[in-house]
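[1] attaching a predicted model along with its sequence, questions to come.
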Amino acid sequence: MFNPLNKRIPREFKSNAGRYICTFILLFITIIVGAGSLVVMDSVTLMLDNMEEDNILEDGYWETKYETTKDAIKKVEKRGIKVFENFYVTDDDFDGNAKFYVFNERTEIDLPMVYDGRLPATGSDDEIALDRLFAECRGINIGDVIDVNGKEFKVVGTAALPDYTALFMDNQDMMMNTKDFGVAIVSSEAFEDLDGQNLTYRYSYRFIERDKTDKEKNDEAEEIIKILAKSGADVQEYLTEDANQSISYLKNDMGHDGPMIKVFVYILVTIIAFIFAVLTSNTIEQESSIIGTLMAMGYKKSEVILHYLMPTIIIAVLASAAGNAFGYAVMTDGFKATYYSSYSLPPLKLVFNVEAFILTTVIPVLIMIIVNLVMLADKLSLSPLKFLRKDLKKRHQKKAVKLPNISFLGRFRIRVMLQNKGSFVVLFLGIFFSSFLLMFGLGLTPLMDHYVEVADDTLPYEYMYMLKKPVNRHGGEKLYMTTLVTEYYLTGKEVDVTFYGIDTGKKDSKFKDSGATDGEGEIAVTDSLAKKFNVSVGDTLKFRDKNTDEEYELTVVAVNGYTNNLGAYMDRDRLNRLLDNKHGEYNAYVSDEKMNLDDDDIAKFIKRSDVVGSAKEMMQTFGGIITAFNVFSVFAYIVIMYLLTKVVIDKNALYISFMKVFGYDSREIRKLYLDASAIVTVVSLIVCIPLEVKVFKLAMIYFSSMIEGYMEFYLPTSVYSEIVAMGLICYFLINALHLIRIKKIPMSEALKNRD
Amino acid sequence: MNIKINDLHKFYGDSSNRVEVLKGVNCEVLDGEICVLLGPSGSGKSTLLNIIGGIEPATSGSVDIGNDSTEHMNAKQLTLYRRNHLGFVFQFYNLIPNLTVKENIEVSAYLSKNPLDINELLKTLGLYEHRDKLPSQLSGGQQQRCAIGRALIKNPSLLLCDEPTGALDYKTSKEILVLIESINKKYKNTIIIVTHNDAIKYMANRVLKMRDGLIVSDTVNEMPMNAADIEW
């Protein structure tokens, strides 16, 4: 026989439709986010993994000022490594304001993947295929004609280069440059026409043995550097695949996004599970005598538990299944767009996998069931008689909690808070999580804006020219720049630190406020470095030169205000002596005016506006996500607050009815019952702010530990007020609904439910 | 089914605050009897009923029902005992508000391997016309009829009624008592009624009076009155 108790379930859904629809939607959206993003992430990850073999992805590269000698390459290749020329030409003024690398046709390494159109035909001297994202950001279409260093090319296709899935102009950049930096590919014939100007000698390499560990790969990289140094090659840049953000950033992003999404889904599911637990617990209290009767009739505890668990199971299963189906079938385009608006990838083939299904459907359902099952098993462990007597306290309170001698209203509210402490604890957690999401949504824009604002403080000059060889020119300030590595205590990995050798004695130097001295072994460090490495004045840092393996211990004598890179400043002479360079050596110029230097002498040219522009571009790609975050947070606020504060009214409907009989009006009843919820909500909103800031800061440290640079925590006070204001608006809207509900409670309630 | 109560003791509270509610109750109710349990508040009659019903454990002593004894039953066995042998009727009906009259009775029928015919029972209860109504659409008397139907549908050998007329007016109370009497005649169940109403003793085969945790009189009524003739 079908259990007649089950007939209650559809009626329960109908009579509490608001509650179930809200929780269903909250869970549904959560699962959509989880399922949709995980399936996209898994598909992208698989695509990246396949790229390694299908597109013969490099294991690393180096760039030299001049062509690396054949002898040096032979020596490197003797170590079981294949070296490929991967030269490119730079257009520093592409389309007026972008930097553009044009690579030679690739047939053996880092093979390009066509997104739309085709690659330049072999032998063509005027065809070019552009990076898809760069082309989109700059509004360049197939068929357009573009100018590269004065030569016209016809765009025949858009493509993705496996070594530029993330468009980082500089490996130390915090953000990708989707609009101001791009890559492209031309045929060998066309490249020969271009390579007279701004040619960079990049050599990409790949290990013949494919199953090397990370350590083995890094050890080999160090050996390669030594070989190149010994053979006199002036290495300008050396990056392994792992250290190359243009390759590894997306992989890492996938690696971090996945756990983050899972944590987000599970936290929210757990909060929803606790909301259900609070609501079911309230139902049990209200139906105590019915439960007692069922048990007295001979219903087993397991049957009663199952009956009260059923709505949770149904909502969890329906929301998870529908969320999954919707996430997989409809929302993947949205999640795909979040990656495709930031990364350069070929068309995505969605791959469905069981693991994502288990993670986003089975586990959330299990979380919901387990949390509620534990609560029900505990709550229903009492005897039938206790339920019949509505005596649901496990331990009898011998005396009432003694309250301070405050007003009657104050004491009454405290009693309401004590009566609903379980609901209020979940309410606090719900507010904390929703506010955190809102803080993230509202805070990301000012955080990035702040980054943009301070982006240009690292380079106090407008232009920087990295030189291939020292060239004496007037008008610029000489620098010796190098990169040393130091171990990052949080990850144990070595992180690049840019060393600026500056002339500390130069009176009109814009580096004066860098804090650098001419003392031996003394450095001034950027604020970012100090914060990331948790160092202050007087501390000693150990650095290593990757080329020579020499180690240096340097003492921090100042922390300057520069915030946007991991930099160390010291006197140029001191730096040259430290590195055993010739006296007076320099390899860069900085200047506020453009300098008259031959292109052949320039290894790299950096404009301050490049950094600022890229940060602004990145913000545009985040716009949609931020709006979605804010809408979702506000919805979560409303649902959590509504359901948990409504419990107070449901629990006290009979007493509210009594109060009306006694002569209390709705305003006075609100003061008695609703103000307790209002106080808890307001206090939670305010108390959560510093806790959320703490978590946000920890998240920023975690984020910084995964990237080369450092991003400073910054939230303007207005964001805090916006969060509290948003929370209060949501609450007071809900409060208005509760007031209507209170007004509807009839006085006859008090007379009907006398038992 | 005969019910035999042997030296039943029940204590509440801990050692410093111990109250003995039943002080060694002994009695026997015979198969098919209507037994009325009378006594002032605090005399222990509801506690005795709850112990017989297996929803409250005794401190010592036993309740023998037919060949079963509740003395050493664990919670699961007590659940089966209630499921197989007992029907409960409470003062405040405890009907499930979002189930109809018929469905409320079916909730109990579900537990029985051999339940009574529900439509016939509804007719006996005078609820057939109201079978699709929710409890909130019924009068107090109708709700109590529904609660009695819910207890009876399993055709229990023992029907325990805790103040079944306590929440009802005079006329409705009499209707309920007539119903209980007719059920006893029709289904031959043993019925124990706990009540404050002294007049109900006249319809009983056996009257047990309790005071201070003891049975102070056990009277067999050779000529019980018809419930309809009782006045108070």
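    Received, thanks. Residues are numbered from 1 along each chain as shown, chains lettered A, B, ... in the order given.

[2] tell me the mean pLDDT for stretch A:734-742?
    Here stretch A:734-742 scores 89 as its mean pLDDT.

[3] distance between that stretch and the chain's centre?
    38 Å (Cα atoms, centre = their mean, to the nearest Å).

[4] so for that stretch, what gets flagged as buried?
    Residues A:Ile734, A:Asn735, A:His738, A:Leu739, A:Ile742 are the ones in stretch A:734-742 that count as buried (16 or more other Cβ atoms under 10 Å in any protein chain shown). Where you see a C-beta, it was placed from the backbone N, CA and C, and this is true even at glycine.

[5] how about stretch A:78-97?
    Residues A:81-84, A:86-92, A:94-95 are the ones in stretch A:78-97 that count as buried (16+ other Cβ under 10 Å).

[6] out of those, who's nearest chain B?
    Chain B lies nearest to A:Asp95 out of the buried residues of stretch A:78-97, by Cβ to the nearest Cβ, at 69.3 Å.

[7] what's the closest non-adjacent residue to the closest one?
    Excluding the flanking residues, the one nearest A:Asp95 by Cβ to Cβ, 6 or more residues apart in numbering or on different chains is A:Arg138, at 6.3 Å.

[8] mind listing what the one you found touches?
    With contacts defined as Cβ atoms under 8 Å, 6 or more residues apart in numbering or on different chains, A:Arg138 is in contact with A:Asp95, A:Ala98, A:Lys179, A:Gly182.

[9] just the ones in helices from those residues, please.
    Secondary structure from DSSP state H places none of the contacts of A:Arg138 in helices.

[10] so of the buried residues of stretch A:78-97, which ones are in strands?
    Secondary structure from DSSP state E places A:Ile81, A:Lys82, A:Val83, A:Phe84, A:Tyr88, A:Val89, A:Thr90, A:Asp91, A:Asp92, A:Phe94 of the buried residues of stretch A:78-97 in strands.

[11] could you dump those residues to CSV with pLDDT and distance to chain B?
    Shown next, in CSV, are those (pLDDT from 0 to 100; distance: Cβ to the nearest Cβ, whole Å):
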residue, pLDDT, distance to chain B
A:Ile81, 94, 72
A:Lys82, 95, 73
A:Val83, 95, 77
A:Phe84, 95, 75
A:Tyr88, 94, 73
A:Val89, 93, 77
A:Thr90, 90, 75
A:Asp91, 89, 74
A:Asp92, 84, 75
A:Phe94, 86, 71
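
[12] for whichever residue of chain A sits closest to chain B, which non-adjacent residue is spatially closest?
    Here the residue of chain A nearest chain B is A:Gly298; by Cβ to the nearest Cβ that distance is 2.7 Å. The shortest distance from A:Gly298 to any non-neighbouring residue, by Cβ to Cβ, 6+ apart, is to B:Arg83 (2.7 Å).

[13] pretty sure that neighbour belongs to a helix, no?
    Yes: under DSSP: H, G, I helix; E, B strand; the rest coil, B:Arg83 falls within a helix.

[14] I'd say it and B:Ala109 touch.
    No: if you go by Cβ atoms under 8 Å, B:Arg83 and B:Ala109 don't touch, sitting 11.9 Å apart.

[15] joint contacts of these two?
    In contact with both B:Arg83 and B:Ala109: B:Lys154, using Cβ under 8 Å, 6+ apart.

[16] which of those two has more neighbours?
    Legend: neighbour count by other Cβ atoms under 10 Å in any protein chain shown for B:Arg83 and B:Ala109, higher for B:Ala109 (23 against 19).

[17] gap between the more buried one and chain A?
    From B:Ala109 over to chain A the distance is 8 Å, taken as Cβ to the nearest Cβ, to the nearest Å.

[18] quick check: phi and psi at the closest residue to that residue other than its chain neighbours.
    Spatial nearest neighbour of B:Ala109, excluding adjacent residues (Cβ to Cβ, 6+ apart): B:Pro115 at 4.0 Å. Per-residue torsions, B:Pro115: phi -70, psi 160 (degrees, to the nearest 10).

[19] B:Pro115: neighbour count?
    With other Cβ under 10 Å as criterion, B:Pro115 counts 18.

[20] for the residue nearest to A:Gly298, give me its contacts.
    A:Met297, A:Gly298, A:Tyr299, B:Leu111, B:Ser112, B:Lys154.

[21] equivalent analysis for B:Val89, please.
    B:Gln144, B:Ala147, B:Ile148, B:Ala151, B:Leu159, B:Leu160, B:Cys161, B:Asp162, B:Pro164.

[22] now do the contacts for the residue of chain A closest to chain B.
    Taking Cβ under 8 Å, 6+ apart, one finds B:Thr79, B:Leu80, B:Tyr81, B:Arg82, B:Arg83, B:Asn84, B:Leu86, B:Leu111, B:Lys154 in contact with A:Gly298.

[23] the third one and B:Pro156, how far apart?
    Using Cβ to Cβ, to the nearest Å, B:Tyr81 is found at 11 Å from B:Pro156.

[24] who's more crowded, the two?
    B:Pro156 (25 against 19).

[25] got the residues of chain A near chain B?
    Within chain A, the residues that sit near chain B (Cβ under 8 Å from any Cβ of the partner chain) are A:1, A:3-5, A:7-8, A:11-12, A:15, A:289-290, A:292-301, A:383-385, A:388, A:755.

[26] among these, name the buried ones.
    Taking 16+ other Cβ under 10 Å as the criterion, what is buried in the residues of chain A next to chain B is A:3-5, A:7-8, A:12, A:289-290, A:292-301, A:383-385, A:388.

[27] circling back: for the residue of chain A closest to chain B, grab phi and psi.
    phi 120, psi 10.

[28] ok, which residues in chain B are in contact with chain A?
    Close to chain A, as judged by Cβ under 8 Å from any Cβ, chain B has residues B:50, B:53, B:55-56, B:75-76, B:79-84, B:86-88, B:90-92, B:94-96, B:98-99, B:103, B:106-111, B:150-151, B:154.

[29] give me the buried entries from the residues you listed.
    The buried subset of the residues of chain B next to chain A (16+ other Cβ under 10 Å) comprises B:50, B:53, B:55-56, B:79, B:81-83, B:86-88, B:90-92, B:94-96, B:98-99, B:103, B:106-111, B:150-151, B:154.

[30] and the lowest mean pLDDT element among the helices and strands of chain B?
    One helix or strand of chain B scores below all others by mean pLDDT, DSSP states H and E: strand B:68-69, with a mean of 84.

[31] which strands and helices lie in contact with that strand?
    Taking 3 or more Cβ pairs under 8 Å, 6 or more residues apart in numbering or on different chains; DSSP states H and E as contact, there are no helices or strands that strand B:68-69 lies on.

[32] so which residues make contact with that strand?
    Contacts of strand B:68-69 (Cβ under 8 Å, 6+ apart): B:Ser62, B:Val63, B:Tyr81, B:His85.

[33] can you rerun that using 6 Å?
    B:Ser62 (Cβ atoms under 6 Å, 6 or more residues apart in numbering or on different chains).

[34] neighbours around residue 135, how many?
    Just going to use chain A. Residues near A:Ala135, counting by other Cβ under 10 Å: 25.

[35] um, chain B though
    Counted with other Cβ under 10 Å, B:Pro135 comes out at 19.

[36] that older thread, take the buried ones among the residues of chain A next to chain B and keep only those in helices.
    Applying DSSP H to those, the entries found in helices are A:8, A:12, A:289-290, A:292-297, A:301, A:384-385, A:388.

[37] can you put those in CSV and add pLDDT?
    Converted to CSV, those look like this (pLDDT from 0 to 100):
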residue, pLDDT
A:Arg8, 93
A:Glu12, 92
A:Ser289, 91
A:Ile290, 93
A:Gly292, 94
A:Thr293, 93
A:Leu294, 94
A:Met295, 93
A:Ala296, 92
A:Met297, 91
A:Lys301, 93
A:Pro384, 90
A:Leu385, 89
A:Leu388, 89
